[in-house]
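structure of the sequence below:
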Amino acid sequence: MSRPTTRSKNKRHRQEDNGDITSEILRKIHTTGEITSDDLSQLYKTWKPVCQGCRVNNKDNPNCFCGLIPPPNGSRKAGLWQKMSDVLLALGPDPSKDLRAAETPAGLTNLGATCYANSILQCLYMNKSFREGIFSVEPDVLRHNPVLDQLTRLFAQLHASRMAFIDSSPFVKTLELDNGVQQDSHEFLTLLLSLLERCLSHSKVSKGRTIVQDLFRGRVSHVTMCSQCGKDSEASSNMEDFYELELNVKGLKNLDESLDDYLSVEELHGDNQYFCESCKTRVDATRSIKLRTLPTVLNFQLKRCVFLPKTTMKKKITSAFCFPGELDMRQRLSEPSQFELIYDLSAVLIHKGTAVNSGHYVAHIKDEDTGQWWEFDDEHVSNLGRHPFGDGSSSSTSKAVGSEPVHPSCTDPRNGVADGHNIDVVQSQSSESSNNSNAEIFSSGDAYMLMYNLRQSRKDREKKQASGASDMKIDTGMVSLYGVPLPSHLCEEIKILNASYDDACQQYELKKEEELGCITKRRQEVRSVLSEAPVRSNEDSFNWISTDWLRQWADNIPPPVLDNMSIQCVHGKVPHSKVSSMKRLSAKAWTMIVSKHDGGPTLTNDDYCMACLVDGARTLVCGDSYRDRRTIMKQIANEAVQGNCVDGAYCVSKSWLQQWLKRKILDAPSEADAGPTAPIRCPHGELMPDQAAGAKRVLVPENLWLFLYEDAVAVNPDDLLECTTFPSDSKQCSQCSDELSEVAVMEDSLRVVKLKQRQNHEKLAMGKSIPLFPHCKNYLVPSSWLSKWRDYINASGKNVSSSVKPETLDGVIDSLKCEKHMRLLERPPELVCKRGTIFQKTDGLTIITENDWKCFCEEWGGTEEKGISAVIEYSYNAGNNLAGSGEEMPLLEEQMASHDEANSDNESRQPVIKTCPEICEECIGEKESCELMQKLNYCNEDIYVLFARDKEAPKSFLEASDTSFEQDRRVSKRSRKTNNGNLINLKVSGSTSIYQLKMMIWESFGVVKENQILRKGARIIDKESATLADMNIFPGDKLWVIDSEIHEQRDIADELSDQKTNVQHIEEGFRGTLLTANISSQVV
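All right, here's what the predicted structure looks like:
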């Protein structure tokens, strides 16, 4: 048995077939006047089967409900059927995701560029002694010290908050830090400890009052010893406080070598000799730093930022640096201690990035209670296990044995963890010392600060606990929260914050359950209604419903109000023309919708609109008749346009009729069918003359005119003037004819005037050069006016209307004279001698003959006496005299060989121009200065830079850019190769500095700015602080640059970072913040 085909089960019927059937039924209704049930079934398409499996909803089938909702496992981008994850995303962030995991420290928010502060604050908080000391401060002291109060609150939240990260903005705002500027973490720690030391000095609790000094302060001496008598200087006995030791790392491999370098002995000799009080003379001496006492927390600041004299820039040293997990400092003291001074590594501050003034700070800190290492990267806190760079980076583990100090050297690392551009390495290696002990060695190319905690004996811990117990006698209002004593007022705040957080989590869960429950309920409702929507039998009752509303109801989470008005006709029924916009819904499904949603109206299977059917049938038949008539009329109109109509009786616009022929044949006239005679009707209501523009007409027969007239009146019955009837014997408007005749006479007269002017000024009209002769009186006119006059008199055809009439001469000549002195404001043109004849170079002014001037005065309203006369004379003087000032001014002369001996004497002299009135040098100077300022005040213009590979520039660049490129020419911004090198164009302004220009060249050609030898012509441009305007560099100038190859190449990113830092005044550091108020601290 063959398988039944389903290929065409849901295949759509062709629109043409449906249209033909509908038209036939409507024609039958118009003819018979009867409407049967079969007619209704066909017209309203109720006969179509219920669709099953259509990919999209079928508009032609009112029984198709496919595509209103997605498949069972499908979803949509928005609305009721979007993914549940997207629904939850619209609810906002889930606060429960910010819940701190058990036994995990909290992070700090980065407010923009505050990672340096976050890292230091985490290092201080994770120090248990420091944290307890801050918590021990009395509330009264906190109230009078805002910074200390905010730090205590921040520590309390870090300790007891339920959130995974804490907002650090209150503390940062209190310090008045700029959260958009990256600062140095070492400087921040130094200033913060100094500020806290002053704030804590008001506390009565000894544990809190001296916590900074007790933990971080050590003492050193600068010892100078005479090499002759062996005595120390008096100042050598002075001891100075330090809170961290700054160690060199350049050229040093590990912490041992850096400490040796720090404590090394410096020889003072030659010009640096020391004056010994005992020897009473300048002698050789030694100078060194002696460690007197060491703090509990020993901080090492690694000096990775160095100054490079060659580039005059700062650079970060990224070489690997080794440091031990435990450090014995007993032998480093000036007087070796009797007790052990073993320090354990407790924190590593890391600076990621290659630039000095940018990058990112993170902290790797050890938990004193658990021994676990944690990475603090702002909001993110990660467990590193038992090693500062993660357990995965260590191949083995060993411990130091014995009491002798261990000073291992760092060998090549064997295991690494990739970290940006560097590798942080943890390795366990053996180092031979006096007792062959072992120590863990770590290596990092980004470690910026090392913190070591003094290992305490059991006796020291008991002594510390006893000291803490004595402090409890002072009432500090301490309350235990989560096993840690906190100030009582902070305990309440933390409880409130945690309760608020818990409430936010609970509210989010309730909102989430409500939203998801509403969506689930709505989806069930839509599916249940659509499952009952199809009408199973033709005998069953049904209702009509708007497809647009049904789509919105099935796709929106909040359902819209039921609205069937869009499918209702003016008779309150259902017209057959709306069948593609509505669906046939079962009575049960309709009842389910109406029971939950208000609205209407209710349209049942009895609400077929018979009146609309009859009107539709009549319109269709009328449309058929109209199409037939228009087809016939179109043939007649085509013959009329071609001139083949012999019985033309009425005038119609030719252009209008041509457009009418191009339009498609419709069932009824359209708006474009209005106004068949509007273009040929004059403003006086009569027939426009045939010579007028756009007044061409065509004679059409009477039957065509009546058809066009009926359509025009039907479209626009209120404006009958647009279809004024003009029979073939209609007379043209006499008034319009007279006006056209006057215009024609004026045009003829104007042509005669222009012809006469061309004859009077033959050479000027053709733009030919006029030979000039000495001692002859000439006149000066603006070249721009002359060019406009030439265009005006030579215009013909279509150019006549676009040509502009020149201004009168008197006004033009007056504009050439200064108001203050009534002298000439323009310099006369330059002169050129060619074979004994003098010619002028085209410039702002043009020399014309006296005869031309007189004719111009007659033609263009000029006064001969107001003219600016110019006389050419010869002079042997080659100095800088000024023309027109009663003295002689030499002008340009091209020396040419002359075959005429009579002119040889003249050619050895300079032709000069004397003007009347004279040139006003004072006003011209002011005018040129203003023009120069405007020229230098440019913005976003192009200049051209050539990178000369052969150390030589082409001739066009050596001419100092006297000429510029075409301003409107499109030039590629990419570097393109030429025979002499690479050429680029750069967008600059007059205020662009030479430094900024060199940075653009660096970015384009890869030549560091120190190696750039930049030239304009032969002139070297090297003042970086100057602007392009200062150096007279104009738009279109051509510069060239060569590479001196003196300085080493480096990454432009470092320079850009430092440039950005300079713009932000980073060198001011923390100036203007509370950290720099009344500072008196010393860093060793």
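
for Val871, which non-adjacent residue is spatially closest?
In space, and not counting its chain neighbours, Val871 is closest to Lys914: 5.0 Å by C-beta to C-beta, 6 or more residues apart in numbering. Any C-beta I mention is one placed from the backbone N, CA and C, and that applies to glycine too.

neighbours around that neighbour, how many?
For Lys914, the tally of surrounding residues (other C-beta atoms under 10 Å) stands at 19.

in a strand, that's where it is, yeah?
Yes: assessed by DSSP: H, G, I helix; E, B strand; the rest coil, Lys914 belongs to a strand.

okay but it is in contact with Ile868, surely?
No: using C-beta atoms under 8 Å, Lys914 is not in contact with Ile868; the gap is 11.3 Å.

distance check, the residue nearest to Val871 against Val832.
Using C-beta to C-beta, to the nearest Å, Lys914 is found at 18 Å from Val832.

tell me the strands beside the lengthiest strand in the chain, with direction?
Ranked by residue count, the top strand of the chain under DSSP state E comes out as strand 342-352. Strand 342-352 has the following sheet partners, assigned by DSSP bridges: strand 326-328 (antiparallel), strand 360-366 (antiparallel), strand 447-454 (antiparallel).

list the buried residues of that strand.
By 16 or more other C-beta atoms under 10 Å, the buried positions in strand 342-352 come out as Ile342, Tyr343, Asp344, Leu345, Ser346, Ala347, Val348, Leu349, Ile350, His351, Lys352.

could you point out which element follows the strand or helix carrying Ser749?
Assigned by DSSP states H and E, Ser749 belongs to helix 734-760. For helix 734-760, the succeeding helix or strand toward the C-terminus, using DSSP H and E, is helix 762-766.

got the CA coordinates for the following helix or strand past that next one in PDB?
Where DSSP H and E defines the elements, the next helix or strand beyond helix 762-766 is strand 777-782. Taking Å, rounded to 0.1, in the frame of the first residue of the first chain, the C-alpha atoms of strand 777-782 are listed here in PDB:
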ATOM      1  CA  LYS A 777      48.300 106.100 -17.400                       C
ATOM      2  CA  ASN A 778      46.400 103.000 -16.400                       C
ATOM      3  CA  TYR A 779      43.800 102.100 -13.800                       C
ATOM      4  CA  LEU A 780      43.400  99.300 -11.200                       C
ATOM      5  CA  VAL A 781      40.200  97.300 -10.700                       C
ATOM      6  CA  PRO A 782      39.500  94.200  -8.500                       C
END
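
partners of strand 777-782, with directions?
Taking DSSP bridges as the criterion, strand 777-782 pairs within the sheet with strand 845-849 (antiparallel), strand 868-875 (antiparallel).

most tightly surrounded among those strands?
Counting by mean count of other C-beta atoms under 10 Å, strand 845-849 has the highest mean neighbour count of the strands paired with strand 777-782, with a mean of 21.

off-centre distance for that strand?
54 Å (C-alpha atoms, centre = their mean, to the nearest Å).

and the following helix or strand past that strand with strand 777-782, angle?
Following strand 845-849 in sequence order, the next helix or strand is helix 850-859 (DSSP H and E). Interaxial angle, helix 850-859 versus strand 777-782 (axes from the mean of the first three to the mean of the last three C-alpha atoms, to 10 degrees): 50 degrees.

now for helix 850-859, which elements pack on it?
When contacts are defined as 3 or more C-beta pairs under 8 Å, 6 or more residues apart in numbering; DSSP states H and E, helix 850-859 sits against helix 734-760, strand 777-782.

cutoff 7 Å now
If contacts are counted by 3 or more C-beta pairs under 7 Å, 6 or more residues apart in numbering; DSSP states H and E, helix 850-859 sits against strand 777-782.

residues contacting the strand it packs on, please?
By C-beta atoms under 7 Å, 6 or more residues apart in numbering, the residues outside strand 777-782 that reach it are 772, 812, 816, 828, 844-850, 853, 867-871, 915.

quote the end-to-end distance of stretch 243-259.
Distance between the boundary residues of stretch 243-259 (C-alpha to C-alpha, to the nearest Å) amounts to 16 Å.

quick one, helices of the stretch 951-1084 of the chain?
In the stretch 951-1084 of the chain, the segments counted as helices under DSSP state H, counting those that start in this stretch are 955-958, 994-1005, 1052-1063.

repeat for the stretch 51-200 of the chain
Under DSSP H, counting those that start in this stretch, the stretch 51-200 of the chain gives helices at 84-90, 115-125, 128-135, 139-144, 146-160, 169-175, 185-200.

ok, the stretch 401-550 of the chain next?
Under the criterion DSSP H, counting those that start in this stretch, the stretch 401-550 of the chain contains helices at 458-471, 488-532, 547-555.

hang on, Ser655 packs against Thr677?
No: look at Ser655 against Thr677 with C-beta atoms under 7 Å: they stay out of range, at 11.7 Å.

between the two, which is the more surrounded one?
Set side by side, Ser655 and Thr677 show more neighbours around Thr677, with 24 against 15, by other C-beta under 10 Å.

what about Val265, neighbour count?
Neighbour count for Val265, taken as other C-beta under 10 Å: 11.

could you do the one 4 residues further on as well?
His269 has 13 neighbouring residues, counting by other C-beta under 10 Å.

any idea how far Cys276 is from it?
Distance from His269 to Cys276, by C-beta to C-beta: 13 Å.

what's near enough to touch Asp563?
Contact analysis of Asp563 by C-beta under 7 Å, 6+ apart lists Ser546, Trp549, Gly599.

return the member of the residues you listed nearest to Glu24.
Ser546 (28.3 Å; C-beta to C-beta).

ok so, going back, how distant is the helix holding Ser749 from the center of its chain?
That offset, for helix 734-760, works out to 60 Å (C-alpha atoms, centre = their mean).

got the angle between that helix and helix 850-859?
Here helix 734-760 runs at an angle of 160 degrees relative to helix 850-859 (the same axes, to 10 degrees).

neighbours around Pro782, how many?
There are 18 residues near Pro782, going by other C-beta under 10 Å.

gap between it and Leu986?
36 Å.

over to Asn61?
Distance, Asn61 to Leu986, using C-beta to C-beta: 65 Å.

between the two, which has more neighbouring residues?
Asn61 (23 against 18).

helix/strand/coil for the residue nearest to the more buried one when sequence neighbours are not counted?
Nearest residue to Asn61 in three dimensions, chain neighbours excluded: Lys48, at 4.7 Å (C-beta to C-beta, 6+ apart). Going by three-state DSSP, the secondary structure assigned to Lys48 is coil.

return the per-residue confidence for Lys48.
Looking at Lys48, its pLDDT reads 86.
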